[in-house]
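*Asks:* Prediction below, plus the sequence it came from.
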Amino acid sequence: MSTKILVVDDEEDIVSLIQQLFRHKIQEGAYQFRFASGGRQALEMLQTEADFDVLLVDINMPDMDGLTLLGYLPNLLPNGRAVMVSAYGDMNNVRAAMNRGAFDFVFKPINMGDLELTIQKTALHVSQLRQSVHLQQIAELKTRLFDNITHEFRTPLTLILSPVERLMSEQDESQRTYRDLLSIERNARHLLRLINQLLDLAKLETGHLEVYAKPGNLREFFEQLVQAFIPLADQQGILLTYHTDVMGTWLFDAEKVGQIMYNLIANAIKFTARANHQEGYIVVQLEADAGIRLTVSDSGVGIPASNLPYIFDRFYQVDPSTKRLQSGTGIGLSLVKELAELMGGNVSVQSTIGTATTPSGSLFSVTLPMECLSADEEPVDDTLALWDWFPASPIKQEDSPLDDTVAADAPLVVVVEDNDELRSFLSHELAHQYRVMTAATGDLGWQLIQAELPDIVISDVMMPGLDGYELTHYIKTTPATDHIAVILLTAKAASDSRLAGLRQGADDYLTKPFQFEELSLRLRNLITRQQRLRTLYQQQLVKHELPQPLETVQTGWLKTLYTALETHLDDSSLNVERLAGIMMMSSKTLLRKVHSLTQLSTNELIRQYRLRKAADLLRAGHSVSETAYMVGFETPSYFGQCFKEVYQVTPKEFASSVTV
Ligand code: ADP
């Protein structure tokens, strides 16, 4: 980058002096000099060429002096800087120039070494200045973009919410449609709230967020907000109470005060809900205290002392892992702090992590300077934009019972998903075609899968405790469950997480948001594939003209099972219990596994396997009674009877038909 310098001086020899002194720099292209012989000429040049970095300006010039020229610079060259040149000791003028915004000065006779350093220093300052102006412009552009995008999101969301609310008011609350509408409403509001928070954050960053205080009934405003959280708190087993002695009409910015309250209470609920198995409590208190003081205390998990200094930082989360129990973005508390400070207030926190004998919990306290206008109370103003950030009522936790309209032998699907709403949605939708069971965590899911041996598992990837990858790994490496198909659901679209899932043996993968149709199709494909395999395995056992089961099943659990049967082929005492022992599982698990792979019971499988072997032995020329003993029948007559049931011919007839 070349530094462009305008030298303004009426001394004629300055041009050659500078060109001589800086000839190397000029040759390298580091410096470009232009010359003006007075203030007026400089002004003309600046009007046509606005890209000078540094001006070297003589103070005493006949037509327009340097101080006058300096007065024009903020407009003509806002991002350039002037270095003044004057007679030695001309302190009055130098001081005047510095007060008018000159960056530095040098005295005549010019010390060329000093001049060079001064130019370097000024050029560096100018480049830093430009950089920060550039960053500022980018930040403003970002805010504008944010503003526009947010607006673009808000409008359609509002257009979703308004008709949904109307439709809800027309519906019977017990209807399925009402529940669906409630879910749309909740989620649209959630999006709207996130968008508003992002917008506020961006505005705070560029100082565009302003406080609009209006008179209102503070006590009742808080009361309404706390009330709106009660259903959610109730659902989580938390006692939420509100106390205040504040009365009268106050001047406050409802949007911002509400935002602060919302975040503190929502956090308190979030971090108290699963803190322990006892009933939790949250106390919201509003007091008058040279303004107001708002406190929210909870009996939740608490925050480790080492994390406390950071919780008000943007995007900070005490537990940022994908396995954490609570969702969130790390924006909430930074907004609380910045909004409180914007209104001239502040936030503080105390928190303890409990021990076996002491309880844990957090206390957030916000003080806000605020004016009480009168002791009279106005009715609360409906126009306060409460709507945007009021929490919607929580969904009722209703995991679908097995739908009695589907057949008892319909495929069994286990849904493992920690989001209550999504789990409930999936189980309701799937229940039209499948038997469905659900689990809210990976650990519960794994217990359920082992107990029920479903046909398919649909699992979320990010879950507290056992996550989707680990669950898949367990399913695919445990003999009793390794035949179960797994579909993973994840919010991560990145291909590496896709690979991670497939590497654990997942059969399919869907990225959220997904369409239920697609999930349904993939489920159907997997189930059809399983059914085809089942038929194939069964036919290999029944049809003597097909290759032997043991020859066709190359790997996996079925091969182990067939090998065991082969080893005990002539052992007439082999029964279900012994086979289960050999396969190291309970008879019940063995039965379910055998059934889901071949649609046969364990007993049927043992018999079919033997008869299928018998067909081969007869074909190879063994006699009927020999064959009967070789495949573990105690008497040739019982063998004959079973053989005929399957192949519709006696062993003898069979032997003569295949040996001629
Ligand atoms: P988040 O979206 O993660 O809730 P916040 O900025 O609201 O982000 O909070 C930052 C972090 O502070 C949270 O991730 C949590 O670890 C901690 N925190 C906030 N409020 C509480 C609380 N009431 N109890 C325990 N921890 C809390």
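*Replies:* Good, I have the coordinates. What you see is a predicted model; the values in this text were computed from it and never measured.
*Asks:* and the stretch 1-150 of the chain, which of its residues are near the ligand?
*Replies:* Residues of the stretch 1-150 of the chain found near the ligand (Cβ under 6 Å from any ligand atom): none. Just so you know, the C-beta spots here come from the backbone N, C-alpha and C atoms, and that holds for glycine as well.
*Asks:* any chance you could map the strands in the stretch 1-150 of the chain?
*Replies:* Secondary structure of the stretch 1-150 of the chain by DSSP state E, counting those that start in this stretch: the strands cover 3-8, 31-36, 54-58, 81-87, 104-108.
*Asks:* Packing partners of the second one?
*Replies:* Of the remaining helices and strands, those touching strand 31-36 by 3 or more Cβ pairs under 8 Å, 6 or more residues apart in numbering; DSSP states H and E are strand 3-8, helix 14-21, helix 23-28, helix 39-48.
*Asks:* Give me every residue in the stretch 251-400 of the chain lying close to the ligand.
*Replies:* By the rule Cβ under 6 Å from any ligand atom, the part of the stretch 251-400 of the chain lying against the ligand is 263, 267-268, 271, 298, 300-303, 311, 316-319, 328-334, 362.
*Asks:* do that again at 8 Å, thanks
*Replies:* Contact residues, the stretch 251-400 of the chain versus the ligand (Cβ under 8 Å from any ligand atom): 263-264, 266-268, 270-272, 296, 298, 300-303, 307, 311-312, 314-320, 324, 326-336, 351, 361-362, 364.
*Asks:* related to what we said a few turns ago, turn the helices and strands packed on strand 31-36 into CSV, columns for distance to Asp180.
*Replies:* Shown next, in CSV, are these (distance: least, Cβ to Cβ, whole Å):
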stretch, distance to Asp180
strand 3-8, 66
helix 14-21, 79
helix 23-28, 72
helix 39-48, 67
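*Asks:* which one of the ones you listed is the most hemmed in?
*Replies:* Of all the helices and strands packed on strand 31-36, strand 3-8 has the most neighbours on average by mean count of other Cβ atoms under 10 Å, namely a mean of 22.
*Asks:* Show me what the longest helix along the chain is packed up against.
*Replies:* If you go by DSSP state H, the chain has its longest helix at helix 112-170. Counting by 3+ Cβ pairs under 8 Å, 6+ apart, the packing neighbours recorded for helix 112-170 are strand 3-8, helix 14-21, strand 54-58, strand 81-87, strand 104-108, helix 176-205.
*Asks:* ok and it relative to strand 54-58, angle-wise?
*Replies:* 130 degrees (axes from the mean of the first three to the mean of the last three Cα atoms, to 10 degrees).
*Asks:* between helix 112-170 and strand 31-36, how big is the angle?
*Replies:* Computed by the same axes, to 10 degrees, the angle separating helix 112-170 from strand 31-36 equals 100 degrees.
*Asks:* Go ahead and build a PyMOL selection from the buried members of the residues of the stretch 251-400 of the chain next to the ligand.
*Replies:* Provided next is the PyMOL selection string for whichever of these are buried by 16 or more other Cβ atoms under 10 Å:
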select buried, resi 263+264+266+267+268+270+271+272+296+298+300+301+302+303+311+312+317+318+328+331+332+333+334+335+336+351+361+362+364
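*Asks:* Take the residues of the stretch 251-400 of the chain next to the ligand and keep only those in strands.
*Replies:* Among these, the members found in strands (DSSP state E) are Val296, Asp298, Ser351, Gly361, Ser362, Phe364.
*Asks:* Quickly name whichever of those residues is closest to Leu286.
*Replies:* The shortest approach to Leu286 among those belongs to Val296, at 10.1 Å (Cβ to Cβ).
*Asks:* so what pLDDT did the nearest residue to the closest one once chain neighbours are set aside get?
*Replies:* Of all residues not flanking Val296 in the chain, Leu264 sits nearest, at 4.2 Å (Cβ to Cβ, 6 or more residues apart in numbering). With respect to pLDDT, Leu264 scores 95.
*Asks:* Residue numbering should commence at 3 henceforth.
*Replies:* Sure, I'll start counting at 3 from here, so that last one is Leu266.
*Asks:* My guess is Leu266 contacts Ser367. True?
*Replies:* No - between Leu266 and Ser367 there is no contact under Cβ atoms under 8 Å: 9.5 Å.
*Asks:* Can you pull out the low-pLDDT segments for the chain?
*Replies:* 149, 153, 276-280, 322-329, 380-407, 493-500, 556-557, 661-662 (pLDDT under 70).
*Asks:* According to the record, where do the domains of it fall?
*Replies:* The domain map for the chain lists 5-112, 212-390, 414-533, 545-661, with the assignment taken from automatic domain parsing.
*Asks:* Just the terminal-to-terminal distance for the shortest one.
*Replies:* Domain 5-112 has its terminal residues 20 Å apart, counting by Cα to Cα, to the nearest Å.
*Asks:* before we move on, what about stretch 370-377?
*Replies:* Note: stretch 370-377 ends 19 Å apart using Cα to Cα.
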